[in-house]
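Peer 1: here are the coordinates; sequence isn't available:
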């Protein structure tokens, strides 16, 4: 059965008018892809590749020069559609004089939520992002990581079906980074659709089902992460720990008896993130942060 | 609506955290606090100047605050990119702008309210401190007559107290005036020499107004008013008058204007008002003729008409006047009507002979007012005589100016850059203040509208 598309982009073109130079800048050159319900989709690319322009068009903040873009089957500028979208921008663009509760209440009101529901959701989200103790302080006293967390809570205040996250782990420590990734996976488990835009490829690799890579306004690659990253010309075998003699014997067996070239035989390495989490969690007496 | 109110609330709160609001507030406080030290001839004059300074300061500062808040509120959100987090919600662009507009209007209203409360407090405290109890009681002693005492905000003329009575109380008015002169007890703390009394007689009522002016003018007018009342010339020496009054204990008991036979006709086409008089008395002609619209104090022996504006609008007005009788006509054209002093029409050698019926025709031409501030609308809606209500009215006028320029600022920043929007707002404010004068230079006034009552003295 064909999956239901939440976002459909077909031949999207965006040309910015030239400034003083008068030369127009073509930010998007006809990109096309779909994002399906319930998946985590990664949008990758170097600076200036058109990621943020794509997101702004999806949010109805910019209008496409050509091509078609729909969210839930409707125009991005449709106000009813926006009720179903949560957005975390690249930086925490917040009202610094508000505290966490007031911030969430404000964004909830902008989403058209009734007061009682806003309060309930705000309390729940503040607990979820770990800001309960700082909830009454103005945001101007927040660290960058705390600002990202409250920004994420603001994105989720209306319990959206589609969450667009632009560099969600920017400014977060590894623990916060892992918590965000866990949250993304939890949202996926709840059936939400997530569009993740990030420079941190490891983050994308960890959580995304499918990715698109943009380069100079064009779609350079698109597909499931597992397919794009798998190598069919190599094979990796993970065994229990072996002595040096056993390793030499195994290499000899593979090269002589199987006629296969051995490129390396060594202990597998953990990710630095896993080591960091293990060490810090142990010292701080917390449970394993891994999901 | 929820989105609009949310935006309005956040804009309101943000406005009070910005320097654009704080600086006018502090500056306004400094100006208001300094007003009691204003130099003036007397305390009543000082209070009047204090009110004038406070009014101007409040209007100007609120307009400037409105300009700076309105042109920065959206500009800052675009610069900080907070606008992305707002417009990515289910908040349309119209709701965003409407919320911003409401928030700025509310912030200006709060600023004006704060300055208004402070002004009210300072004025009440100052008047209580500067005017003593006895002076106030002496004013209140005239309560048998319909009495209006107003330290009037936005006061265009210099009236400090007004006594109105029916024609039957004519003697009572004269008695009251005489007693005030004699005892030197003048309303609102004005000194004996500071007084100017204006007597107005109409077919239905009598008005006696006490006002203030410069000492030189006051002394001259005071002497002339007494001459009207008594037929004697005391010069500017108050002592002579007191002696005369003591020697004439029955002064004021005789009606000074027993001739009430004239018929008053008003109305007519094109806002032309005509009064018909049966004729002049020989006795009046001997002393000189005086037609008084509000007050007439003119040199003898000259026939004259004078007009004083008592409305409080900013409209400029001019007046044509015509005397006509069988076999004669005199016309005077285009005299500007001012709030601050009477406009005189003199008829030294051209008045109708004694006993000849004649008509007086007056046409008043109101000039254009400043359209942009909508003062005339507010004037009609909020006409009031009390200090508190007049203060509120002036705050609303200031708010309407500030709301207008802030609307221009907010809409401008949606389309043009910050400096352009700022210049546009300043231009609108400047244009709104000067449009009336510019129009006066280019247009002839139309639609004659009003005229004051007439009396014969």
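Peer 2: Yep, that arrived. Everything numeric here is computed off the predicted structure, so don't read it as measured data.
Peer 1: What segments of chain A are strands?
Peer 2: Using DSSP state E, the strands of chain A run over A:5-16, A:25-36, A:40-44, A:66-71, A:85-88, A:162-166, A:193-197, A:210-215, A:218-224.
Peer 1: Can you list the strands that the fifth one pairs with?
Peer 2: Using DSSP bridges, strand A:85-88 pairs in its sheet with strand A:162-166 (parallel).
Peer 1: cool, and the second one?
Peer 2: In the sheet containing strand A:25-36, its partner strands are strand A:5-16 (antiparallel), by DSSP bridges.
Peer 1: Check the last one too.
Peer 2: In the sheet, strand A:218-224 lines up against strand A:210-215 (antiparallel) (DSSP bridges).
Peer 1: Out of the strands of chain A, which is the most enclosed?
Peer 2: Between the strands of chain A, the one whose residues have the most neighbours on average, counting mean count of other Cβ atoms under 10 Å in any protein chain shown, is strand A:85-88 (a mean of 26). C-betas here are computed from N, CA, C, even on glycine.
Peer 1: Could you pull up the contacting residues of residue 90?
Peer 2: I'll assume chain A. A:52, A:166, A:167, A:170 (Cβ atoms under 8 Å, 6 or more residues apart in numbering or on different chains).
Peer 1: wrong chain, I was asking about chain B
Peer 2: Here residue B:90 is in contact with A:79, A:80, A:82, A:83, A:110, A:111, A:112, B:3 (criterion: Cβ under 8 Å, 6+ apart).
Peer 1: tell me the SS of it?
Peer 2: Assigned by DSSP: H, G, I helix; E, B strand; the rest coil, the conformation of residue B:90 is coil.
Peer 1: Could you list the residues of the stretch 151-291 of chain A in contact with chain B?
Peer 2: Residues of the stretch 151-291 of chain A found near chain B (Cβ under 8 Å from any Cβ of the partner chain) are A:154, A:158.
Peer 1: neighbours of the residue in the stretch 151-291 of chain A that chain B sits nearest to, just the number please.
Peer 2: Proximity of the stretch 151-291 of chain A to chain B (Cβ to the nearest Cβ) peaks at residue A:154, 7.1 Å away. Close neighbours of residue A:154, defined as other Cβ atoms under 10 Å in any protein chain shown, add up to 29.
Peer 1: my guess is it contacts residue A:105, does it?
Peer 2: No - counting by Cβ atoms under 8 Å, residue A:154 does not reach residue A:105; the two are 10.1 Å apart.
Peer 1: Quickly list what residue A:13 is bridged to.
Peer 2: residue A:29, residue A:66.
Peer 1: contacting residues around it?
Peer 2: Per Cβ under 8 Å, 6+ apart, neighbours of residue A:13: A:26, A:28, A:29, A:30, A:64, A:65, A:66, A:67.
Peer 1: got JSON lines for these, with distance to residue A:98 and pLDDT too?
Peer 2: Formatted as JSON lines, the contacts of residue A:13 follow (distance: Cβ to Cβ, whole Å; pLDDT from 0 to 100):
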{"residue": "A:26", "distance to residue A:98": "39", "pLDDT": "85"}
{"residue": "A:28", "distance to residue A:98": "35", "pLDDT": "87"}
{"residue": "A:29", "distance to residue A:98": "40", "pLDDT": "86"}
{"residue": "A:30", "distance to residue A:98": "41", "pLDDT": "86"}
{"residue": "A:64", "distance to residue A:98": "33", "pLDDT": "86"}
{"residue": "A:65", "distance to residue A:98": "36", "pLDDT": "88"}
{"residue": "A:66", "distance to residue A:98": "39", "pLDDT": "88"}
{"residue": "A:67", "distance to residue A:98": "38", "pLDDT": "88"}
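Peer 1: Show me the shaky parts of chain A.
Peer 2: Applying pLDDT under 70 to chain A flags the ranges A:1-3, A:18-21, A:230-231, A:268-291.
Peer 1: What distance do you get for the residue nearest the centre of it to residue B:63?
Peer 2: When Cα atoms, centre = their mean is applied to chain A, the residue found nearest the centroid is residue A:196 (2.9 Å). Distance from residue A:196 to residue B:63, counting by Cβ to Cβ, to the nearest Å: 49 Å.
Peer 1: Just the closest residue of the stretch 351-457 of chain B to chain A, please.
Peer 2: residue B:417 (12.6 Å).
Peer 1: tell me the secondary structure for the spatially closest residue to residue B:15 that is not a sequence neighbour?
Peer 2: When the adjacent residues along the chain are set aside, residue B:15 lies closest to residue B:107, with 3.7 Å between them (Cβ to Cβ, 6 or more residues apart in numbering or on different chains). Judged by three-state DSSP, the three-state class of residue B:107 is helix.
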